[in-house]
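Engineer: how would this look folded up:
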Amino acid sequence: MAEAAHRPCRGTFTVDEIQERLSYIIEKDRVDPHDLAGQFLEAFAAILKHSNYRQVIDNYARITARCMNCACACQIYKHTRAPEDIPCFRSNLLLEVYRRHFMLRGIVETRILGMHFLTDEKVVEMAETFWHCTACRRCTLECPLGIDHGLVTHLARYILSEIGLAPRALVISVREQLEGKTRNTSAIPFPAIRDSIEFLVEEIRDDKGIEVAFPIDQEDRDYIFFPAVSDYLMEAETLMGIATVFHVCGDGDRWTIGTNYFDGINYGLFYNDWILERCLLEEMKEARRLRAKNVLIGECGHASRSAKVFMPTFGGAEAPPVVHILEYTYRRWKEGRFRLRDDVVTEKVTYHDPCNIGRTGWIVNEPREILRSFCPNYVEMQPHGPHNLCCGGGGGTVSIDEIRPYRTGVTGTKKAEQLAATGAKYVVAPCANCKKQLREVIEDHGLEMEVVGLHDLVYRAIVIE
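Structural biologist: From the prediction side, this is the model:
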């Protein structure tokens, strides 16, 4: 992937060449490889007309966004040293299209001189380059002009997806989530989810000697729970920890899981606003069906940010409040509703900030306070908090298995170095995507570490009265 994307665009691509270069992101049943430039401009114009992107993009387009301060923050550029991996270089690809085709001066020049800036080759270049970015938005902290390069990347992907240039891995998962029989990105039928829940209940009973419930389809509860659906099969201790906290705090009858829609994953945040909206509307529909007061998101960074930031946008005044599971657990812990033993997790522990909950400072100190209270050998990564390094799989790239060598060998290398420097045994990462990516980074770099969720360790140390 990296070699292809860093190859300069020359000449006119044939259909087969486009298919080869965009093999991992092209929707073969949708994309029309002829006149990609015309399709791109048509989609761009429609989005500008029917959204509020124009104001911010017009502002960015009037700025000379080429100071390259953002290069200091980009872990991809620090590894490749390729100019096309500098965030402002990438953003300028889209901004220049706007200047040439949607601003008066560019339109006049185009008509008078008869030259067209955007070509099929440039569309292919953008399709490759904008999927290099992990959309971690670390570069926004360094831009002296306040340009959000993550937003520009999101808009470019939105346009590209409207003409059929989107990762198959994301599109297929979303189709199953919104239109398939199982209604979730992992295509897990709910009977299998129920079996998994029954297994978790038995495990907690055998391990802790308590009867913990995972309420299903209960009405008028305070919280309706939406984890990443993969947690039901891959993150057993995370869910066991969450259910145990509810039980010990006396809140076992205050939450529920829906059966019509139960997947908190929202890939629309990565590539298309229509998908983002549809997923959120499904969550709100399920919350209304069960008359839940709050939407509770599990240990998943992008699912949390999608709901917290955009549910009020698409749901308006009727949108339910959104609570992250870390916020709930921290609040109950501060209230003294549960205690944690400090002699259980004695190994060295560090914490990874998921970009979607840490970059803006939303959830940074809360999990650290909890961990320091019962992990005597807690160590901090440098940098951390809002300045954290991305796991390397952000922006949906972790779901594209075809580019794993790029994710762990390029975007994940700096993270591997940061992890190794801590000497930690456990890396706490309260995000489904981060967990998958970090495990692959650790495996591919030969590190001796284990990735866990915050509630994995809480489950081990919680005191059962």
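Engineer: check contacts around Thr150.
Structural biologist: Let me fix one detail, which is that residue 150 is Gly and not Thr. Cys133, Ala135, Cys136, Arg137, Cys139, Thr140, Gly395 (C-beta atoms under 8 Å, 6 or more residues apart in numbering). Every C-beta, even on glycine, is put in place using the N, C-alpha and C of the backbone.
Engineer: same thing but 7 Å
Structural biologist: Residues near Gly150 by C-beta atoms under 7 Å, 6 or more residues apart in numbering: Ala135, Arg137, Thr140.
Engineer: list buried residues within these.
Structural biologist: Ala135, Arg137, Thr140 (16 or more other C-beta atoms under 10 Å).
Engineer: what's the spacing between the residue nearest the centre of the chain and Cys279?
Structural biologist: Centroid check for the chain by C-alpha atoms, centre = their mean gives His302 as the closest residue, at 3.6 Å. Per C-beta to C-beta, to the nearest Å, His302 is found 11 Å from Cys279.
Engineer: now the common contact residues for those two.
Structural biologist: In contact with both His302 and Cys279: Asn266, using C-beta under 7 Å, 6+ apart.
Engineer: follow-up on the earlier one: hmm, the residue nearest to the centre of the chain is touching Pro354, no?
Structural biologist: No: assessed by C-beta atoms under 7 Å, His302 is found out of contact with Pro354, at 8.1 Å.
Engineer: farthest residue from the center of the protein?
Structural biologist: Distance to centre of the chain, C-alpha atoms, centre = their mean, peaks at Ile112 (44.1 Å).
Engineer: would you agree Ile363 is in contact with Tyr328?
Structural biologist: No: the criterion here is C-beta under 7 Å, and Ile363 misses it with Tyr328 at 11.3 Å.
Engineer: next SSE after the strand or helix carrying Phe225?
Structural biologist: Phe225 is located in strand 223-226, with elements delineated by DSSP states H and E. Next along the chain after strand 223-226, taking DSSP H and E as the criterion, comes helix 231-234.
Engineer: and the gap between the residue farthest from the centre of the chain and Phe44?
Structural biologist: Ile112 is 22 Å from Phe44, by C-beta to C-beta.
Engineer: before we move on, what about Ala317?
Structural biologist: 31 Å.
Engineer: kindly report the same for Cys249.
Structural biologist: 50 Å.
Engineer: which of these two has more neighbours?
Structural biologist: Phe44 (25 against 18; other C-beta atoms under 10 Å).
Engineer: isn't the more buried one right up against Ala156?
Structural biologist: No: when contacts are counted by C-beta under 7 Å, Phe44 is not listed as touching Ala156 (9.3 Å).
Engineer: excluding chain neighbours, give the residue nearest to Thr350 in space.
Structural biologist: Ala424 (4.0 Å; C-beta to C-beta, 6 or more residues apart in numbering).
Engineer: then Ile210?
Structural biologist: In space, Ile210 is closest to Ile464, 6.0 Å off (C-beta to C-beta, 6+ apart).
Engineer: any idea which helix or strand carries the one you found?
Structural biologist: Per DSSP H and E, there is no helix or strand for Ile464.
Engineer: equivalent analysis for Val124, please.
Structural biologist: helix 120-129.
Engineer: could you do Thr256 as well?
Structural biologist: strand 255-256.
Engineer: give me the contacts around the helix or strand just after that strand.
Structural biologist: Elements were assigned by DSSP H and E; along the chain past strand 255-256, the next helix or strand is helix 268-271. Defining contact as C-beta under 7 Å, 6+ apart, one finds that helix 268-271 is touched by 157-158, 161, 166, 170, 275-277, 279, 302, 305-306, 395-396.
Engineer: which of the helices or strands spans the residue nearest to the centre of the chain?
Structural biologist: Counting by DSSP H and E, His302 is found in helix 301-315.
Engineer: how distant is that helix from the center of its chain?
Structural biologist: 12 Å (C-alpha atoms, centre = their mean, to the nearest Å).
Engineer: again, but for stretch 66-86
Structural biologist: Worked out by C-alpha atoms, centre = their mean, stretch 66-86 lies 21 Å from the chain centre.
Engineer: do stretch 287-304 as well
Structural biologist: 16 Å.
Engineer: any buried residues in that stretch, and which?
Structural biologist: Within stretch 287-304, judged by 16+ other C-beta under 10 Å, the buried ones are 287, 290, 292, 294-304.
Engineer: what's the end-to-end length of that stretch?
Structural biologist: Counting by C-alpha to C-alpha, to the nearest Å, you get 16 Å between the two ends of stretch 287-304.
Engineer: picking that back up, contact partners for the residue nearest to Thr350?
Structural biologist: Per C-beta under 7 Å, 6+ apart, neighbours of Ala424: Lys348, Val349, Thr350, Val379, Met449.
Engineer: next, count neighbours for the last one.
Structural biologist: Neighbours of Met449 under the rule other C-beta under 10 Å: 22.
Engineer: partner strands of the strand holding Thr256 and their direction?
Structural biologist: Here strand 255-256 has these sheet partners by DSSP bridges: strand 223-226 (parallel).
Engineer: so Ile224 bridges to which residues?
Structural biologist: Thr256, Val295.
Engineer: OK, contacts around it?
Structural biologist: Contacts of Ile224 (C-beta under 7 Å, 6+ apart): Thr256, Gly258, Glu286, Ala287, Leu290, Ala292, Val295, Leu296.
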